[in-house]
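Engineer: how would this look folded up:
(one chain, ligands or ions: 1)
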Amino acid sequence: MEAVKATAAWVASRSSHVTLDSSGIENFAERIKDSIPKVEWNFEGTHYFDDGPLTVQYLLVLDALNFCFWPDDELNYDHLAVGLKEALQNDSSAFDASRLQKYTGPELRKMLKWPRPLPLEDERVRLLHEVGFELEKSFDGRAENLVKACDKSAVKLVELITSHFPGFRDHSVYKGHQIFLYKRAQIFVADLWGAFKGQGYGELKDIESVTMFADYIVPAVLQQLGVLRYSPSLSDIIDSNREITSGTEEEVELRACTIHAVEEIKDSIHRKTGNQVLSVELDLWLWAYGIACPSLQHHRTLSIYY
Ligand SMILES: Nc1nc2c(c(CN[C@H]3C=C[C@H](O)[C@@H]3O)cn2[C@@H]2O[C@H](COP(=O)(O)O)[C@@H](O)[C@H]2O)c(=O)[nH]1
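Structural biologist: A predicted model of the protein is given here:
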């Protein structure tokens, strides 16, 4: 995750469409420094949890598909979390590696009880197959073996996931440099830690290394809070719901500046109080704040990464 932090900072130091507002960061840090609102991991009760290996399998499948809900304005993350939870409750072998490799688009749709094609449905199916295939090939079909192989290290787990599953390699190129964002790989690590409350499969000694998860909700929240500033042309694109192409400078700046802004907020809180705040905790609070605000305008990029 050092590469995520370093390359996000690199983008932030050269960005023009999105900039960090240093007084906005200080004010926000000052406001929350004494009581970071704690949000429970499963605050909406949408996730499957049985305290065992099936939960790990569920979380890997969930985060393989945790991207780009906005093209269908009635679809959101909760439909995915609940749909997969119910599928597993009805049939505990639904996420066996062999089954994952066979799902079709209409079957996935049916599993999520969604009446029409999902956004990027073919990509979702392909990623599901990839997870099943690689789990079978390298981990005896079980996501718990992937987690056991990381020696209780979040950094190692992200490395393992991104080296085994190409669909999790969330990179971009910005002004000729490779930028690492790793949203879904890191959110899987955070989900594991959150679900198991830092114990058992969720025991990760370096959870503080994880960055925020560069999605399309948190940038919008930070912009509204005065932490991020958008150029007039970018604001216009977002306010008029026009799409931003994946890999453009605007898109990379939105994501990388959000990661860097959260790092800066953490540094500021540390300077003020001596406390080390976790990105995971700050992220979950910012995300929960964002989804509770349906009028929030977010950027729209067709992407399999977030
Ligand atoms: N930064 C960040 N982004 C997150 C999440 C989560 C869900 N995490 C769960 C895990 C534990 C908690 O219980 C959370 O409920 C989803 N997303 C992203 O949001 C977008 C979906 O938005 P909408 O279309 O409105 O549902 C999409 O890019 C999705 O990938 C998060 O935690 N942090």
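Engineer: Can you tell me which residues in the stretch 51-200 of the chain are near the ligand?
Structural biologist: Within the stretch 51-200 of the chain, the positions lying close to the ligand (CB under 6 Å from any ligand atom) are 66-67, 69-70, 76-77, 191, 194. Where you see a C-beta, it was placed from the backbone N, CA and C, and this is true even at glycine.
Engineer: For the residues you listed, give me JSON lines that also has pLDDT, secondary structure and neighbour count.
Structural biologist: Below are these laid out as JSON lines (pLDDT from 0 to 100; DSSP: H, G, I helix; E, B strand; the rest coil; neighbours: other CB atoms under 10 Å):
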{"residue": "Asn66", "pLDDT": "98", "secondary structure": "coil", "neighbour count": "21"}
{"residue": "Phe67", "pLDDT": "98", "secondary structure": "coil", "neighbour count": "25"}
{"residue": "Phe69", "pLDDT": "98", "secondary structure": "coil", "neighbour count": "19"}
{"residue": "Trp70", "pLDDT": "98", "secondary structure": "coil", "neighbour count": "17"}
{"residue": "Asn76", "pLDDT": "96", "secondary structure": "coil", "neighbour count": "13"}
{"residue": "Tyr77", "pLDDT": "97", "secondary structure": "helix", "neighbour count": "18"}
{"residue": "Asp191", "pLDDT": "98", "secondary structure": "helix", "neighbour count": "25"}
{"residue": "Gly194", "pLDDT": "96", "secondary structure": "helix", "neighbour count": "22"}
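Engineer: now for the residues you listed, which pair is the farthest apart?
Structural biologist: Using CB to CB, the pair of those lying farthest apart is Trp70 and Gly194, separated by 23.6 Å.
Engineer: Can you give the distance of stretch 161-171 from its chain's centre?
Structural biologist: Using CA atoms, centre = their mean, to the nearest Å, we find the averaged C-alpha position of stretch 161-171 to lie 13 Å away from the chain's own average C-alpha position.
Engineer: Give me the mean pLDDT for that stretch.
Structural biologist: Average pLDDT, stretch 161-171: 98.
Engineer: and it, how far apart are its ends?
Structural biologist: 14 Å (CA to CA, to the nearest Å).
Engineer: Give me the contacts around that stretch.
Structural biologist: The set of residues external to stretch 161-171 that reach it, using CB atoms under 8 Å, 6 or more residues apart in numbering, is 64, 126-127, 130-131, 134, 138, 146, 178-185, 188, 304-306.
Engineer: So how do I select the buried members of those residues in PyMOL?
Structural biologist: Of these, the buried ones can be selected in PyMOL as follows, counting by 16 or more other CB atoms under 10 Å:
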select buried, resi 64+127+130+131+134+146+179+180+181+182+183+184+185+188+304+305+306
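Engineer: buried stuff in the host helix or strand of Leu222?
Structural biologist: Using DSSP states H and E, the secondary-structure element containing Leu222 is helix 218-224. Neighbour counts over helix 218-224 (16+ other CB under 10 Å) mark 218-223 as buried.
Engineer: how close does the nearest residue to Asn66 once chain neighbours are set aside sit to Ile304?
Structural biologist: The shortest distance from Asn66 to any residue that is not its chain neighbour, by CB to CB, 6 or more residues apart in numbering, is 5.7 Å, and that residue is Arg184. Applying CB to CB, to the nearest Å, one obtains 9 Å for the distance of Arg184 from Ile304.
Engineer: Spit out the residues that contact these two alike.
Structural biologist: Residues touching both Arg184 and Ile304 comprise Phe67, with contact defined as CB under 8 Å, 6+ apart.
Engineer: And the strands in the chain?
Structural biologist: Under the criterion DSSP state E, the chain carries strands at the ranges 18-20, 171-174, 177-180, 228-230.
Engineer: Could you save these as CSV and add columns showing distance to Asp91?
Structural biologist: Below are those laid out as CSV (distance: least, CB to CB, whole Å):
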stretch, distance to Asp91
strand 18-20, 44
strand 171-174, 35
strand 177-180, 37
strand 228-230, 43
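Engineer: which one of the ones you listed lies closest to Val280?
Structural biologist: Each of the strands of the chain was scored for nearness to Val280 using CB to CB, and the closest is strand 177-180 (17.6 Å).
Engineer: In terms of pLDDT, where does Ser303 sit?
Structural biologist: Ser303 is assigned a predicted lDDT (pLDDT) of 98.
Engineer: who does the helix ranked longest in the chain touch, helix- and strand-wise?
Structural biologist: In the chain, with assignment by DSSP state H, the single longest helix is helix 249-273. Contacting helix 249-273 under the criterion 3 or more CB pairs under 8 Å, 6 or more residues apart in numbering; DSSP states H and E are the following elements: helix 2-12, strand 18-20, helix 22-32, strand 171-174, helix 218-224, strand 228-230, helix 232-239, helix 279-291.
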